[in-house]
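J.: below are the sequence and a predicted model; questions follow.
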Amino acid sequence: MKKELISVIVPCYNEAEALHYFFEELDRVIFDMPEYDFEAIYVDDGSKDATLEILRSRASVDKKTRYVSFSRNFGKEAGMLAGLRSAKGDYAVIMDADLQDPPSLLPQMMSILKEKKVDSVATRRGNRKGEPPIRSFFAKCFYGIVNKISKVKLVPGARDYRLMSRRMVDAVLSLCEYNRFSKGIFEWVGFKTEWISYQNIERVAGKTKWSFWGLFKYSLECIVAFSTAPLAISSLCGFMMFIVSIIGALAIVIRKIIDSSSAVGGWASTICVILFVGGLQLLCIGVLGQYLSKTYMETKRRPDYIIAETEKDEDN
Ligand code: UDP
Ligand code: MG
């Protein structure tokens, strides 16, 4: 009987230092799972170090290795998408190259998927050890806000490390939006998912690619992609300010009628109100702008990434 194929998708950006460790670890896992066939798809996201050379030489000696190399850095989301698109497996699993998503969990994930008859086995971090407290704090706020204002529920600490069946992969690929927030997309497509949690591990080599600002922009991406609540909130604010101003105007008229001698005053408070309302308006326009800019990018229909080279180019 033909063995089922598992596609392992690994987005790599400047991972030259970590890749050797990753190859070793993945080989061990493949050896432990002889009942499956494997293909490893590495997506070189425009790395500036030796990542591409390492992938080329690995592909030339190992037929299970495939790679896709982008013309420049397009981000991890584009990398995951390219990997999923080129995966041929009956199952696909996405994991980081830095061993923070331990490949050794794969046999367990596969057996959960089979036993529980689910379409996806996802992982989450049980703790945030080794992370700056301020980052953990903002992460907590982010999950709190997103889960309040969007229909899609995100699991706190969820990683992108996830095993999926072919039908779930096809569902994920059927969403052709340009602004991709995969954690949300995985939830949005539905299907039964089992969660397993594991202790946070330090990356094996190299540095994290995420800056605080990068994470902040990524969070905004998620909110704009999966919720229109900020638009409703800004309309509500506008409406409330309108009601308050009507009440205020009525109060001034009534006071004038009752006590016509009352002096004009309160410049400071007037300025405060003007600044407050002005600020609120700018904020609401900003919110609107966020949605408009995303719509603008969607309408351009630009590709999510551009491929410069794959292992097939090397064969020729
Ligand atoms: N990555 C990528 N493109 C990028 C940034 C990151 O393909 O622009 C890959 C990176 O090589 C790694 C994974 O995404 O395999 C996760 O990145 P990182 O370890 O920096 O994130 P962290 O684990 O710190 O959240
Ligand atoms: Mg990492």
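T.: Here it is on my side, so go on. Ligands and ions are numbered 1, 2, ... in the order given.
J.: so where's the stretch 1-150 of the chain uncertain?
T.: 128-130 (pLDDT under 70).
J.: got the residues of it near ligand 1?
T.: Neighbours of ligand 1 within the stretch 1-150 of the chain, by C-beta under 6 Å from any ligand atom: 11-13, 15, 45, 73, 75-76, 79, 96-98, 100. In this view, the C-beta of every residue, glycine as well, is placed from N, C-alpha and C.
J.: which members of those residues define the maximum pairwise distance?
T.: Pairwise distances across those (C-beta to C-beta) peak at 19.6 Å, for the pair N73 and Q100.
J.: from R166, how far off is the closest residue to ligand 2 within the stretch 151-300 of the chain?
T.: Of the residues in the stretch 151-300 of the chain, the one nearest ligand 2 is R203, at a distance of 4.7 Å by C-beta to the ion. Separation of R203 from R166 (C-beta to C-beta, to the nearest Å): 30 Å.
J.: try I9
T.: From I9 to R166 the distance is 13 Å (C-beta to C-beta).
J.: neighbour count winner among these two?
T.: Between I9 and R166, I9 has the larger neighbour count (other C-beta atoms under 10 Å), namely 27 against 17.
J.: run through the residues of the protein sitting next to ligand 2.
T.: Counting by C-beta under 5 Å from the ion, the residues of the chain lying close to ligand 2 are D96, D98, Q100, R203.
J.: which one of those residues has the most neighbours?
T.: The residue in the residues of the chain next to ligand 2 with the most neighbours, by other C-beta under 10 Å, is D98 (23 neighbours).
J.: could you measure from the spatially most central residue of the chain over to I223?
T.: Nearest to the mean C-alpha position of the chain, by C-alpha atoms, centre = their mean, lies F181 at 4.1 Å. Going from F181 to I223 by C-beta to C-beta gives 9 Å.
J.: go on, D119?
T.: To I223, D119 is 26 Å away according to C-beta to C-beta.
J.: kindly report the same for G46.
T.: 27 Å.
J.: buried ones in the biggest helix by length in the chain, by neighbour count?
T.: For the chain, the helix with the greatest residue count under DSSP state H is helix 267-300. Across helix 267-300, burial judged by 16 or more other C-beta atoms under 10 Å covers C284, V287, Q290, K294.
J.: for the residues you listed, give me a markdown table that also has pLDDT and distance to L173.
T.: Output for these, formatted as a markdown table (pLDDT from 0 to 100; distance: C-beta to C-beta, whole Å):
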| residue | pLDDT | distance to L173 |
| --- | --- | --- |
| C284 | 86 | 36 |
| V287 | 86 | 30 |
| Q290 | 85 | 26 |
| K294 | 85 | 20 |
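J.: how about low-confidence regions in the stretch 201-316 of the chain?
T.: Using pLDDT under 70, the stretch 201-316 of the chain drops low at 262-265, 314-316.
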